[in-house]
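Engineer: 3D, please:
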Amino acid sequence: ILAYITLLFILGNIGNGTNIKWAEMTFIDNRNYPGGPGAYNVAESTNPVAVICNSVYIVNSWLQDALLIYRFWIIWGRSYLLLVLPVLIFLASFVLSSMLMAELSRPGETIWSTISVNLAIPYWSISIALNVILTLCIAGRLFYMRLQLRRIVDQEPRTPYVSVSAMLIESASLYSINGIIFIVSYGINSPVQNLALPLLGQTQSIAPLLIIYRVAQGRAWSHETLNAA
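Structural biologist: Predicted structure coming up:
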């Protein structure tokens, strides 16, 4: 867990730092570039700052998806059969994101280029769909356990394992909600995407850290918790 947290923390800070630096280079240092910020983005798309920023956020999404699949496996009783579909979706997302990462490192390619869009939309759609599916499954499982506990004790359960905050954190709903906002705005080319994309990169790091924080506190679902329930 410590290695995972360290890697996530490092990648999150690198992604945030390079994103801020790229915004500074685009809108401040080179604000008078011929054609404006958009032309500068295209001309300098292979700049190490831009390439690192894009790559780090994609790798972060792998880590986020992997942890969510693991929590899904734990909360649903360590069923390997239920893992088949999420793992297949994850592999499809991994392949598309690897292709997108390679495409974004080519001269003149940005996430708004035609080829990149043709890869980015399927990638983000699959990745966010995976998160939404797992979010609903995890939250649904916890809600079911909450109802079962309420029937047993005949009052509102106070256990931290089935609280509303547990459902929101364990299911990584923070990332899923932001992901839906981004993919819709990106697909229709809305200006909202410019706000949602940086947030998407940060929630990729925040959501897993919130889950791990609950694990460290002993408030997260584990195999032992499930057996006791």
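Engineer: let me know the secondary structure of residue 151.
Structural biologist: Secondary structure assignment for residue 151 (DSSP: H, G, I helix; E, B strand; the rest coil): helix.
Engineer: most centrally placed residue in the protein?
Structural biologist: The centroid of the chain falls nearest to residue 204 when counting by C-alpha atoms, centre = their mean (3.7 Å).
Engineer: run through the residues that contact residue 198.
Structural biologist: Shown in contact with residue 198 (C-beta atoms under 8 Å, 6 or more residues apart in numbering): residue 19. Every C-beta, even on glycine, is put in place using the N, C-alpha and C of the backbone.
Engineer: distance-wise, check it relative to residue 77.
Structural biologist: To residue 77, residue 198 is 37 Å away according to C-beta to C-beta, to the nearest Å.
Engineer: follow-up on the earlier one: would you mark the buried spots in the strand or helix carrying the residue nearest to the centre of the chain?
Structural biologist: In the assignment (DSSP states H and E), residue 204 maps to helix 193-217. By neighbour count on 16 or more other C-beta atoms under 10 Å, the buried set for helix 193-217 is 193, 196-208, 210-212, 214-215.
Engineer: stretch 94-101 now?
Structural biologist: 94, 96, 97, 99, 100, 101.
Engineer: again, but for stretch 72-84
Structural biologist: 72, 73, 74, 75, 76, 83.
Engineer: now do the same contact list for the closest residue to the second one other than its chain neighbours.
Structural biologist: Going back to what we said before, that points to residue 73. Spatially, and ignoring its direct neighbours in sequence, residue 73 is nearest to residue 83 (5.7 Å; C-beta to C-beta, 6 or more residues apart in numbering). Residues in contact with residue 83, defined by C-beta under 8 Å, 6+ apart, are 69, 72, 73.
Engineer: which other helices and strands does the host helix or strand of residue 61 contact?
Structural biologist: Per DSSP H and E: residue 61 is located in helix 48-75. Packed against helix 48-75 by the contact rule (3 or more C-beta pairs under 8 Å, 6 or more residues apart in numbering; DSSP states H and E) you find helix 2-24, helix 80-104, helix 114-153, helix 193-217, helix 223-228.
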